[in-house]
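>>> kindly generate the corresponding structure for this input.
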Amino acid sequence: MNIPVIAPFLPKNITVIIVLVGYMGSGKSVVGKLLAHTLQLPFIDLDEYIESEVQKSISQLFKEKGEIYFRKKEHECLQKVLADHDHLVLATGGGTPCYSGNMEFLLNKTTNVFYLQVSVPELSRRLSKEKLHRPIISHLSEEALPEYIGKHLFERNPFYMMANHTIFCDQRSVESVVKEITEFLV
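Modelled structure (predicted):
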């Protein structure tokens, strides 16, 4: 599926901030990159931005400084990114909306917060292939992964569901998800 570039149709005099939230493996970065390309907007992956700011990987930050430090740095970086950009597609970390009032902050900044919703079985399938690259789940067995994801989704769902739009992503191509998001913008 070829998605046309539609940026020329977006008004230049208004702020266009699009934020993608959802659990790890939901496709925020992949969708965000194609969406940004389609809309001719800058793309920022918040986790990559944090790593660039602190010159360490997220897993190193967790190991060396702990989650509380990471969440504080995440909040600071989120505020900085949104203060510095009027036009942007932002992929947040899976936990970003759940801490430090970040979801409320995002919703006050834009009406374009999209929850990329993926079922536990689909997330388990996707993440089982990526376990080595995801330190938080690398120690889990294939059998334990769905329960772990289900527990996290149960805890995080109230925050994710605050998003302005929910996009169901199971068994869908990246292009079809991007197309649905752009239909909300036009």
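>>> every contact and neighbour count from this point should use C-alpha atoms.
Noted.
>>> list the buried residues for the helix or strand harbouring E180?
E180 belongs to helix 174-185 when assigned by DSSP states H and E. Across helix 174-185, burial judged by 16 or more other Cα atoms under 10 Å covers 174-175, 177-179, 181.
>>> which of these lies closest to H165?
Taking Cα to Cα as the measure, I181 is the one of the buried residues of helix 174-185 closest to H165, at 8.7 Å.
>>> for that closest one, what are its contacts?
114, 167 (Cα atoms under 8 Å, 6 or more residues apart in numbering).
>>> likewise for G95?
Contacts of G95 by Cα under 8 Å, 6+ apart are 23, 156.
>>> SS state for L88?
Secondary structure assignment for L88 (DSSP: H, G, I helix; E, B strand; the rest coil): strand.
>>> surely it and Q40 touch.
No - between L88 and Q40 there is no contact under Cα atoms under 8 Å: 9.2 Å.
>>> okay, the buried residues of helix 174-185 in JSON lines with distance to A163 and pLDDT next?
Formatted as JSON lines, these follow (distance: Cα to Cα, whole Å; pLDDT from 0 to 100):
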{"residue": "V174", "distance to A163": "19", "pLDDT": "97"}
{"residue": "E175", "distance to A163": "21", "pLDDT": "97"}
{"residue": "V177", "distance to A163": "16", "pLDDT": "98"}
{"residue": "V178", "distance to A163": "16", "pLDDT": "97"}
{"residue": "K179", "distance to A163": "18", "pLDDT": "96"}
{"residue": "I181", "distance to A163": "13", "pLDDT": "97"}
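>>> which parts of stretch 71-85 are buried?
71, 73-75, 77-78, 82.
>>> can I get stretch 168-186 as PDB, trimmed to CA atoms?
Provided in PDB are the C-alpha atoms of stretch 168-186 (Å, rounded to 0.1, in the frame of the first residue of the first chain):
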ATOM      1  CA  PHE A 168      -6.800  -1.200  17.000                       C
ATOM      2  CA  CYS A 169      -3.600  -2.700  15.500                       C
ATOM      3  CA  ASP A 170      -3.900  -6.500  15.600                       C
ATOM      4  CA  GLN A 171      -3.100  -8.200  12.300                       C
ATOM      5  CA  ARG A 172      -2.800  -4.800  10.500                       C
ATOM      6  CA  SER A 173      -0.100  -3.400   8.300                       C
ATOM      7  CA  VAL A 174       1.800  -0.300   9.300                       C
ATOM      8  CA  GLU A 175       0.400   1.400   6.300                       C
ATOM      9  CA  SER A 176      -3.200   0.800   7.200                       C
ATOM     10  CA  VAL A 177      -2.600   2.100  10.800                       C
ATOM     11  CA  VAL A 178      -0.900   5.200   9.400                       C
ATOM     12  CA  LYS A 179      -3.800   5.700   6.900                       C
ATOM     13  CA  GLU A 180      -6.400   5.500   9.800                       C
ATOM     14  CA  ILE A 181      -4.400   8.000  11.900                       C
ATOM     15  CA  THR A 182      -4.200  10.500   8.900                       C
ATOM     16  CA  GLU A 183      -8.000  10.200   8.400                       C
ATOM     17  CA  PHE A 184      -8.400  11.700  11.900                       C
ATOM     18  CA  LEU A 185      -6.200  14.600  11.000                       C
ATOM     19  CA  VAL A 186      -7.700  15.600   7.600                       C
END
